[in-house]
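Enquirer: dropping a prediction and its sequence here:
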Amino acid sequence: MNSTFATAIHLLVFLTFAQRRNELATSKAIATKIHNNPAVVRKLATYLLKAGIISTTKGAQGGYALALPAEAINLKMIFDAIEPLNCDLFGLSKVSEKTEGCGSAILREVNQQLGCRLAGVRASFKAALAQVSLQQVFEGALLSLAEKS
C-alpha cells in the first residue's frame, strides 16, 4: 500500500474541520494544509466524489465539502473509493503472462499462491476499517492535540 490512503484521510479530516466552520475548501487550500500538491488533491477528490463521500460546488466561491456526516463515513468506504489509485494492498509485483525470462513463471505462481492465502487477511483488514469512522479519527486527532498543548 502506498501513501494514497493516508492522504485521502488527511484530505477528509481537513474537510471535517471546514464543515465545522460551514466552509468549502479549494484543492489549493487542502493541498497547503495537508502538505501536498493541488493536482494530487483533485485526483483523490475525483474518486471520493464518485463514491459519494464528498461533494463539490463550482464557481468563485466553490470548493469541496463532505457529502455525508463524518460519523457516517468509515475508513473502508475511503479505502474502497481510492483503491484503484492505491495499487495492491500487499504490493505483489506485477508479472504478466507475456513476461518472459528465468523466474517469471515462478513469480506468477508465487503471486497466485499469495493472493489466495492473503484474501482472508484482506477481508479482515477491510472489516476492521469499517469499524472506524472519519469522526473517530477527527476526534482522536483533536484530543491528541489538546493533550499536547
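Expert: Received, thanks.
Enquirer: shaky segments in this protein?
Expert: Along the chain, segments meeting pLDDT under 70 span 1, 86-103.
Enquirer: ranges for the helices of it?
Expert: 4-20, 27-33, 38-50, 75-86, 104-130, 134-148 (DSSP state H).
Enquirer: I'd like to know which elements the second one is packed against.
Expert: Judged by 3 or more C-beta pairs under 8 Å, 6 or more residues apart in numbering; DSSP states H and E, helix 27-33 is in contact with helix 4-20, helix 38-50, strand 63-66. C-beta here means a position set from N, CA and C on the backbone, and glycine is covered the same way.
Enquirer: for Phe138, which of those is the nearest?
Expert: Taking C-beta to C-beta, helix 4-20 is the member of the helices and strands packed on helix 27-33 nearest to Phe138, at 4.7 Å.
Enquirer: helices or strands up against that closest one?
Expert: Helix 4-20 packs on helix 27-33, helix 38-50, strand 63-66, helix 75-86, helix 134-148, going by 3+ C-beta pairs under 8 Å, 6+ apart.
Enquirer: mind putting those in JSON lines, distance to Gln19 and mean neighbour count included?
Expert: Shown next, in JSON lines, are these (distance: least, C-beta to C-beta, whole Å; neighbours: other C-beta atoms under 10 Å):
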{"stretch": "helix 27-33", "distance to Gln19": "13", "mean neighbour count": "18"}
{"stretch": "helix 38-50", "distance to Gln19": "14", "mean neighbour count": "18"}
{"stretch": "strand 63-66", "distance to Gln19": "5", "mean neighbour count": "20"}
{"stretch": "helix 75-86", "distance to Gln19": "16", "mean neighbour count": "19"}
{"stretch": "helix 134-148", "distance to Gln19": "10", "mean neighbour count": "13"}
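Enquirer: and the helices and strands packed on helix 27-33: which comes nearest Asn111?
Expert: Among these, helix 4-20 sits nearest to Asn111 (C-beta to C-beta), with 21.3 Å.
Enquirer: good, we can wrap up now.
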